[in-house]
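**Q** Quick check, what structure comes out for this input:
(one chain, ligands or ions: 1)
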Amino acid sequence: MVDPRTQGTSLYFNRRDFIRTAAVAGAGLMVTVPGWAQEQAPASQPENELRIAMIGPGSQGRNLLTQCLKIPNIRFTAICDIWPYHQDYAANILKKYDMPVKVYADYNELLAGEKDLDAVIVATPDWVHAEHAIACLKAGKHVYCEKEMSNTLEGGRAMVKAARETGKLLQIGHQRRSNPRYWHALKMIRNDKILGRVTHFNSQWNRSRRFDLGWPEGKELDPATLKKYGYETMDQFRNWRWYKKFSGGPMADLGSHQMDVYNWFLDTPPAAVLAAGGLDNYEDREWYDNVMAIYEYKVGGKMVRGFYQVLNTTSFNGFFEAFMGDEGSLVISEDTRKGFVFREQEAKKREWEDEASKVEAMGKDAIELKIGETLRPDGTKDPEGQQLLEESKKPPHQLHLENFFSAIRNKTPLSCPPEVAYETAVTVLKANDAVAAGKRIEFKPDEFKV
Ligand SMILES: NC(=O)c1ccc[n+]([C@@H]2O[C@H](COP(=O)([O-])OP(=O)(O)OC[C@H]3O[C@@H](n4cnc5c(N)ncnc54)[C@H](O)[C@@H]3O)[C@@H](O)[C@H]2O)c1
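**A** Next up, the predicted model:
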């Protein structure tokens, strides 16, 4: 887990590096930042305590659990997991924080036994998200469910409908949508038009070879329990991402985070996708280990074409999203070390460019993407920039959870409601169809709607 408080100090306000982005300040706030902790003032009152449970405190669940412990007035009262090893692990962490919890193996028993829960966090494997999230919504709980919302479009649609029918909140875990660095970048692209017209994008998630996940000796689930919950072997249970029954593959697992950013920033889902991929470097797995996709978007009647790839054999250049326009390019990543703007030589120089903090990145001179340095025309600090700066000191998952809790308490908007996540699900799951068919697939606008 990358913690922005220990990395990328360039995010923080530094008087010496203060730059004037009067153009941004003068342009008006067309981008409205989401609700975070600052809007949760009533949270400090005990009567505003939210009682929550988690289904699936595995690797990501424990990350979310740790982030929740930093947020005022959030109390875990129960956890649910089919694996006693993970039950114990999570219950022991919570005990240390004076939160003794009831432990369940089956989510039906959790919902029957915990009537006064306000919300449930679902961090189980993708194939059971729809089942778990819908049951919680129908039991009257708000739900934070990890991405990919579902590995099937039917599952995703059912989740959208359940949220609508129950009137309960459903936040999907595309946490970049609550990340101040991304909001800052969006303001630069959309309000300040720092890139001119965006014409292309390029993005990837490359990572070194994955080793199979194991389990401690003696801690295996017995075959009957595995079978009861849909797994044939411990390998399937632990390495579910590689199996088609349990996961939408690398495009859904990693690509969904990043394609979600393109849908968001370009303010439209794609028009077509062409993709190729294969299981070329791993054995005994079902999903491809590498995939390359070309997406086409129609933005304001003009074509924006972009490339996306996931490689599971090399970490070359890591993971990032790049936007390219006719006046410049912007590179951003959840990895806080990557945040740059490259201006084209021919682009008209902005008044603040000389004062901006420069670095060398990717072999070129770049402007660092820094939050909180925007000045209003009168020379005072732009308050929204200061809010983004303050919030950016927290880890991204904490911010996304705070946005969820703020929506429950203060009725502020969710950063990633199910309709938005469904568009992303269609965007990435259709790329799998393009890989299978070996051809370019066009999206119909209706496909993105439920
Ligand atoms: N937003 C992010 O940055 C991010 C990062 C990593 C993972 N994730 C998502 O988090 C989810 C979990 O991923 P992970 O890596 O933690 O997997 P994991 O296998 O480590 O954890 C899954 C947990 O669910 C439990 N489980 C499985 N089936 C269950 C069932 N039917 N009922 C109750 N518990 C069950 C497992 O025992 C395990 O504890 C996935 O949806 C994944 O895509 C999101």
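**Q** in the stretch 101-250 of the chain, what residue is nearest the ligand?
**A** residue 146 (3.6 Å; C-beta to the nearest ligand atom). Glycine gets a C-beta too; all of them are placed from N, C-alpha and C.
**Q** Output the longest helix belonging to the chain.
**A** helix 418-437 (DSSP state H).
**Q** per-residue confidence at the residue of the chain positioned farthest from its centre?
**A** Of all residues in the chain, residue 378 has its C-alpha farthest from the mean position, at 36.3 Å, by C-alpha atoms, centre = their mean. Note on residue 378: pLDDT of 83.
**Q** which helices and strands does whatever helix or strand comes next after the longest helix of the chain pack with?
**A** Next helix or strand after helix 418-437 toward the C-terminus (DSSP states H and E): strand 441-442. Other helices and strands packing on strand 441-442, by 3 or more C-beta pairs under 8 Å, 6 or more residues apart in numbering; DSSP states H and E, are strand 272-278, helix 418-437.
**Q** sorry, back to before: list the contacts for the residue of the stretch 101-250 of the chain closest to the ligand?
**A** With contact set as C-beta atoms under 8 Å, 6 or more residues apart in numbering, residue 146 has these partners: 60, 64, 122, 123, 124, 126, 129, 172, 173.
**Q** rerun at 7 Å
**A** By C-beta atoms under 7 Å, 6 or more residues apart in numbering, the contact list for residue 146 reads 60, 122, 123, 129, 173.
**Q** Turn the residues you listed into CSV, columns for distance to residue 339.
**A** As requested, those are exported to CSV (distance: C-beta to C-beta, whole Å):
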residue, distance to residue 339
60, 24
122, 31
123, 28
129, 31
173, 22
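**Q** In strands, which of those residues fall?
**A** Using DSSP state E, residue 122 are the members of these that sit in strands.
**Q** Show me which of the contacts of residue 146 are buried.
**A** Neighbour counting by 16 or more other C-beta atoms under 10 Å classes 60, 122, 123, 129, 173 among the contacts of residue 146 as buried.
**Q** restrict those residues to contacts with the ligand.
**A** Contacts with the ligand within the buried ones among the contacts of residue 146, as defined by C-beta under 6 Å from any ligand atom: 60, 123, 173.
**Q** got these as a markdown table, with pLDDT columns?
**A** Formatted as a markdown table, these follow (pLDDT from 0 to 100):
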| residue | pLDDT |
| --- | --- |
| 60 | 98 |
| 123 | 98 |
| 173 | 98 |
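**Q** Tell me which residue of the stretch 301-450 of the chain lies closest to the ligand.
**A** Closest to the ligand within the stretch 301-450 of the chain is residue 397: 6.6 Å, counting by C-beta to the nearest ligand atom.
**Q** ok, the closest residue to that residue other than its chain neighbours - contacts?
**A** Of all residues not flanking residue 397 in the chain, residue 67 sits nearest, at 4.9 Å (C-beta to C-beta, 6 or more residues apart in numbering). The neighbours of residue 67, taking C-beta under 7 Å, 6+ apart as the test, are 395, 397, 398, 401.
**Q** For the third one, which non-adjacent residue is closest in space?
**A** In other words, residue 398. residue 67 (4.0 Å).
**Q** Show me what from this protein comes close to the ligand.
**A** 55-61, 80-83, 86, 107, 123-126, 128, 146-148, 173, 175, 229, 253.
**Q** any idea how far residue 409 is from the residue of the stretch 51-200 of the chain found nearest the ligand?
**A** Closest residue of the stretch 51-200 of the chain to the ligand, C-beta to the nearest ligand atom: residue 58 (1.9 Å). From residue 58 over to residue 409 the distance is 27 Å, taken as C-beta to C-beta, to the nearest Å.
**Q** Residue 386: how many residues sit nearby?
**A** If you count neighbours by other C-beta atoms under 10 Å, residue 386 ends up with 15.
**Q** In terms of secondary structure, what does the longest helix of the chain contact?
**A** With contacts taken as 3 or more C-beta pairs under 7 Å, 6 or more residues apart in numbering; DSSP states H and E, helix 418-437 sits against helix 153-166, strand 170-172, helix 256-266, strand 272-278, strand 441-442.
**Q** average pLDDT across that helix?
**A** Here helix 418-437 scores 98 as its mean pLDDT.
**Q** before we move on, what about stretch 310-324?
**A** If you average the pLDDT over stretch 310-324, you get 97.
**Q** Next, the buried residues of it.
**A** Buried residues in stretch 310-324, counted by 16+ other C-beta under 10 Å: 310, 311, 312, 319, 320, 321, 322, 323, 324.
**Q** Contact partners for the first one?
**A** With contacts taken as C-beta under 7 Å, 6+ apart, residue 310 has the following neighbours: 205, 250, 251, 254, 255, 290, 291.
**Q** neighbours around the residue lying closest to residue 242 once chain neighbours are set aside, how many?
**A** In space, and not counting its chain neighbours, residue 242 is closest to residue 285: 4.1 Å by C-beta to C-beta, 6+ apart. If you count neighbours by other C-beta under 10 Å, residue 285 ends up with 18.
**Q** cool, and residue 184?
**A** 27.
**Q** okay but it is in contact with residue 388, surely?
**A** Yes: with contact defined as C-beta atoms under 7 Å, residue 184 counts as touching residue 388 (5.5 Å).
**Q** Now do the shared contacts for these two.
**A** Going by C-beta under 7 Å, 6+ apart, residues that sit against residue 184 and also against residue 388 are residue 371.
**Q** which residues does residue 104 bridge with?
**A** For residue 104, the beta-bridge partners under DSSP bridges are residue 80.
**Q** now residue 116: how far from residue 449?
**A** Applying C-beta to C-beta to residue 116 and residue 449 gives a distance of 36 Å.
**Q** With neighbour numbers in mind, choose between those two.
**A** Taking other C-beta under 10 Å, residue 116 and residue 449 do not tie; residue 449 has more neighbours (13 against 6).
**Q** And the most centrally placed residue in the chain, how far from residue 34?
**A** By C-alpha atoms, centre = their mean, the chain has its centre lying nearest to residue 174, at 2.3 Å. Distance, residue 174 to residue 34, using C-beta to C-beta: 12 Å.
**Q** Residue 215: neighbour count?
**A** Neighbour tally, residue 215, other C-beta under 10 Å: 14.
**Q** any idea whether residue 110 is helix, strand or coil?
**A** helix (DSSP: H, G, I helix; E, B strand; the rest coil).
**Q** what does residue 388 give?
**A** helix.
**Q** Name the nearest residue to it, sequence neighbours excluded.
**A** Excluding its sequence neighbours, the residue lying closest to residue 388 (C-beta to C-beta, 6+ apart) is residue 180, at 4.0 Å.
**Q** Quick check: residue 314 touching residue 205?
**A** No: in this structure residue 314 lies outside contact range of residue 205 using C-beta under 7 Å: 11.2 Å.
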